[in-house]
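[1] Okay, sequence plus prediction incoming.
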Amino acid sequence: MLGLENISIEFDKNPVVKNISLKIEDGEVFGIVGYSGAGKSTLLRSLNLLLKPTSGKVFYNHENVTNLKGSNLKKFRKQFGMIFQHFNLMETRTVYNNVRIAVDKKKGEKEKVVKQRIRQLLETVGLEKLANKYPQELSGGQKQRVAIARALINKPKVLLCDEPTSALDPLNTNTLLKLLKKINRELKLTIVIITHEIDVTKAICDRVSFIDNGELLALGSPSEVFINNTTSSIQKFISFNEVHARTLPYVKNKFGVHGKQIYQLIIEDENVVQPLISNIQELFSIKTIVLAGGIDVYGSSIVNNMFVIFQGDRTGVKKTLDYLLKLKVKIKQHGEDEVQE
Amino acid sequence: MSIFNTLFPNVAAISDEFIQSTLETVYMVFVTAIFAFTIGLFLGIALLVTKNEKLLYNKVVYNILDKIVNLIRSIPFIILMALLVSLTRFIVHTTIGTNAAIVPIVIAIIPFYARQVENVLLDVDINLVETAQAMGWGVFKIVWSVYLREARKGIIRITALTTISIVSLSAMAGVVGGGGLGNLAINYGYNRFQNDVTFLATLVILLIVLLTQSISTLITKILKH
Ligand SMILES: Nc1ncnc2c1ncn2[C@@H]1O[C@H](COP(=O)(O)OP(=O)(O)OP(=O)(O)O)[C@@H](O)[C@H]1O
Ligand SMILES: [Mg+2]
């Protein structure tokens, strides 16, 4: 278990991380999301003490590690693997040797065992054929997989990832995320991943934290943070990422639905496959106009996030809302100004 | 041999001395290189690590080293030799000859080389430091396995360049009786107008320079990456 307790980090008296506390459980995939400059990388680096917090405590398995120094600090850092946006491979070493150089010699393993382990790991990340190539000869996705192999060679407990997919194309991103998820499951590895792509968190994160201007604004499952949370800066962040958040204002403007009450329905899991809209019409004679929305997978749950207008009489609408609430559909009312443009 | 005698009549007359001078130059360059490169490399690394907040950041030490390097680099070599005469006497107990020439050349080359080492090391992707630290590496291992390794081509390049500078300084040291081909060219070529001595001395110097460059190119080629 990793824990941060009231962590603040300043650079030249300039606060970059402000009083953040959070816990990351063993075996979970934990996302850190936020705008550029929000302090994500800084926060991530406090977890393995690459950066010492200005104030606050860092815990690792309930032990306060904040003040570790010298060889204890080095030993502590070896519990972590880390991968970066730009891969950071050594250009003068082959794929094999980039992994080889990372092997912790203090463990005193036999050369043969080490060799075997590197080969095996390269196979896991799908690079067994490229072992003798140099980084310059690889694609971005391949380089990142070398970086993963290097990060995993000492069997770390935690993998820290700083925007590992942002230099990759969608295909490579997908391959990488699948690989991370597989590693997470098979090796029971805790993964902390920074990303600015909501899709990345939806694909692999059990929980995400949203960091804005150094503060922790939200923490929860991807759907809790990105659908249910109405904090304006999160909603604004979503509007750059999520289709519905772009389409809604467009539809509203183009088709003149101003002044009408728009409801956001968050329909989750088994309700997604229920004929809710037909039911409403049959039961309460309410017609539903869908303005925007979509069904998407958030981690392990499936969510239909819809923006609708109900046509019908007042009591019918009221009964509709009660009916949906009883089915555990989450409903939010959006006035004109609430939906982000 | 007779063609040689016609082309270089004066050299032929002092052939033993010529060979002796060539060996002196080679000796000067070689010994200077060993001292200057070792100390210069350490100084360059010291400049690097004391400047970097992630390594052994120390503003005071960096500033002192930085100022010393700049200071020595800005003194013309001839003047530096004059300035260092006491130090030279103290170290090699004489102020003339090849050993006496080596002291000021080493002192002049160290900061020159150190600054180039620093620059070459600064070209190494700074993100690799963080990557190494995340692997639990200490400063020593980062310098050795990241910086020196990744910058090895650059280091070979500047080492060749600096060797050529040493050759040039060793010739200049000849002016004040430092021995070597420079000394020979001054004594015979300049003072006695025996141009063929100067010419052949130049040829030999060029050969040494060429050889240095070829070795550097060869190593770089072998390393590939
Ligand atoms: N070593 C440093 N010295 C001074 N300021 C820094 C340092 N590192 C980061 N900062 C500042 O701290 C702030 C947060 O930086 P950080 O790298 O944590 O942001 P981020 O959320 O990771 O951004 P991005 O998405 O662009 O990577 C930025 O304003 C940055 O300029
Ligand atoms: Mg960052």
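    That came in fine, so what should we check first? Ligands and ions are numbered 1, 2, ... in the order given.

[2] What helices and strands are in contact with the helix or strand encompassing B:Phe90?
    In this structure, B:Phe90 sits in helix B:85-92 according to DSSP states H and E. When contacts are defined as 3 or more Cβ pairs under 8 Å, 6 or more residues apart in numbering or on different chains; DSSP states H and E, helix B:85-92 packs onto helix B:98-122. Where C-beta positions appear, they are placed from N, C-alpha and C, glycine not excepted.

[3] Outside of the helix or strand that comes right after the helix it packs on itself, list whatever touches it.
    Next in sequence after helix B:98-122, counting helices and strands by DSSP H and E, comes helix B:127-134. Residues outside helix B:127-134 that contact it (Cβ atoms under 8 Å, 6 or more residues apart in numbering or on different chains) are A:48, A:50, A:77, A:80-82, A:84, A:86, A:88, A:90, A:160, B:52, B:54-55, B:141-142, B:145-146, B:150.

[4] Would you indicate which residues of helix B:127-134 are buried?
    Within helix B:127-134, the residues that count as buried by 16 or more other Cβ atoms under 10 Å in any protein chain shown are B:Leu128, B:Val129, B:Glu130, B:Thr131, B:Ala132, B:Gln133, B:Ala134.

[5] Then stretch A:167-179?
    Neighbour counts over stretch A:167-179 (16+ other Cβ under 10 Å) mark A:Ala167, A:Leu168, A:Asn172, A:Thr173, A:Asn174, A:Thr175, A:Leu176, A:Leu177, A:Leu179 as buried.

[6] Pick the one among the residues you listed closest to B:Asn63.
    The shortest approach to B:Asn63 among these belongs to A:Ala167, at 37.4 Å (Cβ to Cβ).

[7] Can you list the residue ranges for helices in the chain?
    Just going to use chain A. If DSSP state H is used as the criterion, the helices of chain A fall at A:40-47, A:70-77, A:95-100, A:111-124, A:140-152, A:170-186, A:198-204, A:222-223, A:232-241, A:243-255, A:276-284, A:314-326.

[8] Switch to chain B, please.
    Going by DSSP H, chain B shows helices at B:2-7, B:9-13, B:15-51, B:59-74, B:77-83, B:85-92, B:98-122, B:127-134, B:139-141, B:149-150, B:152-173, B:180-184, B:195-223.

[9] would you turn those helices into JSON lines with mean pLDDT?
    Formatted as JSON lines, the helices of chain B follow (pLDDT from 0 to 100):
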{"stretch": "helix B:2-7", "mean pLDDT": "83"}
{"stretch": "helix B:9-13", "mean pLDDT": "81"}
{"stretch": "helix B:15-51", "mean pLDDT": "94"}
{"stretch": "helix B:59-74", "mean pLDDT": "96"}
{"stretch": "helix B:77-83", "mean pLDDT": "90"}
{"stretch": "helix B:85-92", "mean pLDDT": "88"}
{"stretch": "helix B:98-122", "mean pLDDT": "94"}
{"stretch": "helix B:127-134", "mean pLDDT": "96"}
{"stretch": "helix B:139-141", "mean pLDDT": "95"}
{"stretch": "helix B:149-150", "mean pLDDT": "96"}
{"stretch": "helix B:152-173", "mean pLDDT": "93"}
{"stretch": "helix B:180-184", "mean pLDDT": "85"}
{"stretch": "helix B:195-223", "mean pLDDT": "92"}
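
[10] Which stretch among these is buried most, on average?
    Ranked by mean neighbour count, the helices of chain B are led by helix B:180-184 with a mean of 27 (mean count of other Cβ atoms under 10 Å in any protein chain shown).

[11] circling back: to A:Leu121, which of the helices of chain B lies closest?
    Closest among those, using Cβ to Cβ: helix B:127-134, at 17.3 Å.

[12] so what's A:Val99 up against?
    By Cβ under 8 Å, 6+ apart, the contact set of A:Val99 is A:Ile118, A:Leu121, A:Leu122, A:Val146, A:Ala149, A:Arg150, A:Ile153.

[13] how far away is the fifth one from A:Val99?
    As judged by Cβ to Cβ, to the nearest Å, A:Ala149 and A:Val99 stand 5 Å apart.

[14] do the same with the fourth one
    Distance from A:Val146 to A:Val99, counting by Cβ to Cβ: 7 Å.

[15] Check the first one too.
    In this view, A:Ile118 and A:Val99 are 5 Å apart by Cβ to Cβ.

[16] anything in contact with each of these two?
    Common neighbours of A:Ile118 and A:Val99 (Cβ under 8 Å, 6+ apart) are A:Ala149, A:Ile153.

[17] Chain neighbours aside, what residue packs nearest to residue 173?
    By default, I'm working from chain A. Counting by Cβ to Cβ, 6 or more residues apart in numbering or on different chains, A:Thr173 lies nearest to A:Thr165, which is 4.3 Å off, once chain neighbours are set aside.

[18] please go with chain B instead
    Closest to B:Ala173 by Cβ to Cβ, 6+ apart is B:Ala101, at 3.6 Å.

[19] dump the residue contacts of the one you found.
    Going by Cβ under 8 Å, 6+ apart, B:Ala101 touches B:Met28, B:Met81, B:Ser170, B:Ala173, B:Gly174, B:Val176, B:Gly178, B:Gly179, B:Gly180.

[20] Could you do A:Glu123 as well?
    Applying Cβ under 8 Å, 6+ apart, no residues contact A:Glu123.

[21] Any idea which residue of chain B lies closest to ligand 1?
    Using Cβ to the nearest ligand atom, the closest approach of chain B to ligand 1 is made by B:Glu53 at 7.3 Å.

[22] Okay, that residue and B:Glu130: tell me how far apart.
    According to Cβ to Cβ, B:Glu53 stands 11 Å off from B:Glu130.

[23] what do you get for A:Val16?
    Taking Cβ to Cβ, one finds A:Val16 at 16 Å from B:Glu130.

[24] can you check A:Cys161 too?
    In this view, A:Cys161 and B:Glu130 are 14 Å apart by Cβ to Cβ.

[25] swap in A:Gly81?
    From A:Gly81 to B:Glu130 the distance is 13 Å (Cβ to Cβ).

[26] Do you know the pLDDT at A:His258?
    According to the prediction, A:His258 has pLDDT 68.

[27] just to revisit the earlier point, okay, and the common contacts of A:Ala149 and A:Val99?
    Between them, A:Ala149 and A:Val99 share the contacting residues A:Ile118, A:Leu121, A:Leu122, judged by Cβ under 8 Å, 6+ apart.

[28] ok, so of the residues you listed, who is nearest A:Ile277?
    For those, the nearest to A:Ile277 is A:Leu121 (50.2 Å; Cβ to Cβ).

[29] neighbours of that closest one, just the number please.
    Counted with other Cβ atoms under 10 Å in any protein chain shown, residues neighbouring A:Leu121 total 18.

[30] ditto for A:Val257
    Using other Cβ under 10 Å: A:Val257 sits among 16 other residues.

[31] who's in contact with it?
    Here A:Val257 is in contact with A:Val251, A:Leu291, A:Ile309 (Cβ under 8 Å, 6+ apart).

[32] CSV for the helices of chain A, including mean pLDDT and distance to ligand 1?
    Below are the helices of chain A laid out as CSV (pLDDT from 0 to 100; distance: least, Cβ to the nearest ligand atom, whole Å):
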stretch, mean pLDDT, distance to ligand 1
helix A:40-47, 96, 3
helix A:70-77, 93, 18
helix A:95-100, 96, 24
helix A:111-124, 93, 28
helix A:140-152, 95, 16
helix A:170-186, 92, 16
helix A:198-204, 90, 13
helix A:222-223, 88, 18
helix A:232-241, 78, 12
helix A:243-255, 77, 20
helix A:276-284, 93, 39
helix A:314-326, 92, 38
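
[33] All set, thanks.
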